[in-house]
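Chemist: My questions are about this predicted structure, shown below with the sequence.
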Amino acid sequence: MTVVACPTCGKKVEWIPANKFRPFCSDRCKQIDLGAWAEEKYTIPGAAPNENQDDPLADE
């Protein structure tokens, strides 16, 4: 059995199919994490998009 720390509160959580909130310990912690993504508190690094990248007529 694998035990992980809840990403939100740090509580130890068993990584088993019966835990429907894994890797979180509860629905509350899952919702807190989702809210943080929605508020853009987390980001995934990447290159800035090119303004004309999706417009095939931009070069004409």
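Modeler: Here it is on my side, so go on.
Chemist: When you work out contacts or count neighbours from here on, use the C-alpha atoms and nothing else.
Modeler: Will do.
Chemist: which stretches of this structure form helices?
Modeler: Per DSSP state H, the chain carries helices over the ranges 27-38.
Chemist: residue nearest the centroid of it?
Modeler: Trp37 (6.2 Å; CA atoms, centre = their mean).
Chemist: Any stretches of this protein with poor pLDDT?
Modeler: Of all residues in the chain, those with pLDDT under 70 make up the ranges 51-60.
Chemist: Show me the strands in it, by range?
Modeler: In the chain, the segments counted as strands under DSSP state E are 3-5, 12-14.
Chemist: Next, count neighbours for Lys12.
Modeler: For Lys12, the count of nearby residues is 14 (other CA atoms under 10 Å).
Chemist: Excluding sequence neighbours, find me the nearest residue to it.
Modeler: Ala5 (4.6 Å; CA to CA, 6 or more residues apart in numbering).
Chemist: Check Asp27 too.
Modeler: Phe21 (6.2 Å).
Chemist: Let me know how buried the one you found is, in neighbour terms.
Modeler: Neighbour tally, Phe21, other CA under 10 Å: 17.
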